[in-house]
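Asks: mind folding the following:
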Amino acid sequence: MGIGAKRGTILLVLLVILVSLPSLLIPWSLIDDGESIRRSQEINRFLTSADYGGISLPIIEQDHGRFRPLYWLYLWVEYNLFGLTARYHHLGRILLFVVIVLLISGVAKQIAGSTRAGILAGLLFALFPFTVKNWHRLGPGESQLVLWQVASLYFLGRAYLEAERHPERRPLFYLVLSIAILPLSYFSKETSVMLVPVSGLMLLVMGLSFKGRRYRPSKRVFLAYFMANLACGLASRGAAHLLTVRGGYTVHYQIEINRILSTARQYGILLFQGYHLILLMALVVFSIRLIYHLRKSGGLDRSLKWQIIMLFWFIAALGVQLPWAFVVGRYLLPCLVGLSVFMGVELAHLLSFLSLFSGRKPLHSAETNYSTNEYSFIKELLGRGIKAIVVLAYLIFAV
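Replies: So this is what the prediction gives:
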C-alpha cells in the first residue's frame, strides 16, 4: 500500500470517528436500550442460579415472531463488558463503525483494484444520513448484522483473489473464515436470508462464467459459499420453526403488492435524499461501461461482474425489507453495503476518466488501473453526442 493509500485510509478512519463522536453525549434510549439491559440482566440471573434452560427465555422470542438469538447474546456481551455506562457502549459502537467502514473500503478495493474506490465507498457508507443516525443509537441490530455480512463478503473476496492468482493453491483460510461468519449473520436477524440469492448469483456470474481448469478453484470458492448460505438459511428457519417462533411481528410482515410498492417509493425517497445525483452518476458510468463491454469487448470483466453482484445485493437487501409495514431509515444499512461499494467503484472510474480527459494523469496508472479502451469509448460517445446536439441545433434554428 502506497503513501497515498495509507493517508487516505487514516483520513477515512478519522472522519468516521469525527462523525460518531457526538454519540458520546447521548444517554440511554428508553425503548431499545432499556429492553436490551433488561434481557441481559435476566440472562445473568439465570446463569447465576445455574438455570441454563431458562436462558432461552430472553434469547428466543417465541411470542414476538422474531428469531434473533445471537443479536441478544451480542448485546449481553456488550452489557457485561461496558456495564450501565452509556458512554462506554457508544465507544464500542464507534469501534464497530470503524471496522465496518474499513471492511467496505476493502471490498471496493478488491473489486476495482483501486484505493480511490475503497475510500469513496467507505465515505459513501459512513456519511449517509441514516447511517449516522443509526450509529447514534445502541439498540438497533442492523450494525451487528452489517458487521457479519460485510466481514464474510470481504474474506470471500480474499479467497477468490487467492484462487485466481494462485490456482495451484487452495484458499481454505479465507474461505473458512468467510463461511464461519455466516451463521452469526443468519442467527442475528431474519433478513439475512437475502444472502442466499446473492450467493447464487455469485456462483452464476463469477463461478460458472469462467471456462477451463485454471478457474476450477474460483468456481469451488463460490460453490462452497452458496452451499454454506443455503445451509445457514435452512438451519435458521428450521430452528425458528422447531422452537415455534410466531406471532407479534409477523402480523406486520405481509407480502402485498400495494404495501411493497408504497414502501419501495418511500425508501426511494430516503435514498435520493441521502445521495441525490451521486447514485445517478454512478448508474450512468456503470451503464456506459456495461454497453462498451457487451458491444466492443465481447464479455464482462471481473470488475463489472462484481458490480452486478453488488447492485443485486442492494436490491435483495431492500426487497426482503419491503413487505415490512414500517419504513425506517436505519433498515437501509444492509442495503448500503452493496450500494456504497457499487457507487464507490463507479465514481472512482468517473474521476479517473475526468483525469484522463484533462490530461493530468497518465493512461497507465498503477493507482487506477482502468481500461484505456473504456476511456476511448466514452470519448467516442461524447463526440457523437456533441455532433447530434449541433445537428439538432442547426435544424431548430434553420427552421
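
Asks: tell me where the model's unsure across this structure.
Replies: 1-4, 29-31, 52, 62-65, 134-136, 139, 207-214, 244-252, 296-298, 356-399 (pLDDT under 70).

Asks: the most centrally placed residue in the chain: which element?
Replies: Taking C-alpha atoms, centre = their mean, the centroid of the chain lies closest to Val337, which sits 1.7 Å from it. Using DSSP states H and E, Val337 sits within helix 333-358.

Asks: I'd like to know which elements that helix is packed against.
Replies: helix 86-112, helix 115-126, helix 129-135, helix 142-165, helix 277-292, helix 302-319, helix 372-398 (3 or more C-beta pairs under 8 Å, 6 or more residues apart in numbering; DSSP states H and E). Any C-beta I mention is one placed from the backbone N, CA and C, and that applies to glycine too.

Asks: out of these, deepest packed?
Replies: helix 115-126 (a mean of 26; mean count of other C-beta atoms under 10 Å).

Asks: angle of it against helix 142-165?
Replies: Put simply, helix 115-126 runs at 160 degrees to helix 142-165, going by axes from the mean of the first three to the mean of the last three C-alpha atoms, to 10 degrees.

Asks: now do helix 115-126: distance to the chain's middle.
Replies: Helix 115-126 sits 12 Å away from the centroid of its parent chain (C-alpha atoms, centre = their mean, to the nearest Å).

Asks: just the C-alphas of it, formatted as CSV.
Replies: The C-alpha coordinates for helix 115-126 follow below in CSV (Å, rounded to 0.1, in the frame of the first residue of the first chain):
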residue,chain,number,x,y,z
THR,A,115,-7.6,2.5,-3.2
ARG,A,116,-9.6,5.5,-4.5
ALA,A,117,-12.6,3.3,-5.0
GLY,A,118,-12.2,1.9,-1.5
ILE,A,119,-12.1,5.4,0.1
LEU,A,120,-15.1,6.6,-1.8
ALA,A,121,-17.1,3.5,-0.9
GLY,A,122,-16.2,4.0,2.8
LEU,A,123,-17.2,7.6,2.7
LEU,A,124,-20.5,7.0,0.9
PHE,A,125,-21.5,4.4,3.5
ALA,A,126,-20.3,6.4,6.5
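
Asks: tell me the angle that helix makes with helix 302-319.
Replies: Using the same axes, to 10 degrees: helix 115-126 against helix 302-319 is 10 degrees.

Asks: let's number from 40 now, not from 1
Replies: All right, first residue 40 from here; so that's helix 154-165.

Asks: give the other helices and strands that helix 154-165 contacts.
Replies: helix 42-59, helix 125-151, helix 372-397.

Asks: what's the closest of the ones you listed to Gln80?
Replies: For these, proximity to Gln80 was assessed by C-beta to C-beta; helix 125-151 is nearest, at 14.6 Å.

Asks: what helices and strands are in contact with that closest one?
Replies: helix 42-59, helix 108-121, helix 154-165, helix 168-174, helix 181-204, helix 341-358, helix 372-397.

Asks: next one: it to chain centre, how far?
Replies: 12 Å.

Asks: list the contacts of the residue nearest to the centre of the chain.
Replies: With contact set as C-beta atoms under 8 Å, 6 or more residues apart in numbering, Val376 has these partners: Ile143, Phe164, Val185, Gln188, Val189, Leu192, Trp352, Phe353, Ala356.

Asks: and with 7 Å instead?
Replies: Neighbour list for Val376: Ile143, Val185, Gln188, Val189, Trp352 [criterion: C-beta atoms under 7 Å, 6 or more residues apart in numbering].

Asks: likewise for Ile347?
Replies: Here Ile347 is in contact with Val244 (C-beta under 7 Å, 6+ apart).

Asks: again, but for Asn268
Replies: By C-beta under 7 Å, 6+ apart, the neighbours of Asn268 are Leu221, Leu234, Val235, Ser238.

Asks: spatially nearest residue to it (excluding sequence neighbours)?
Replies: Ser238 (4.2 Å; C-beta to C-beta, 6 or more residues apart in numbering).

Asks: so the one you found touches Leu262, yeah?
Replies: No: here Ser238 does not reach Leu262: they are 9.6 Å apart, not a contact under C-beta atoms under 7 Å.

Asks: between the two, point out the one with more neighbours.
Replies: Ser238 (26 against 15; other C-beta atoms under 10 Å).
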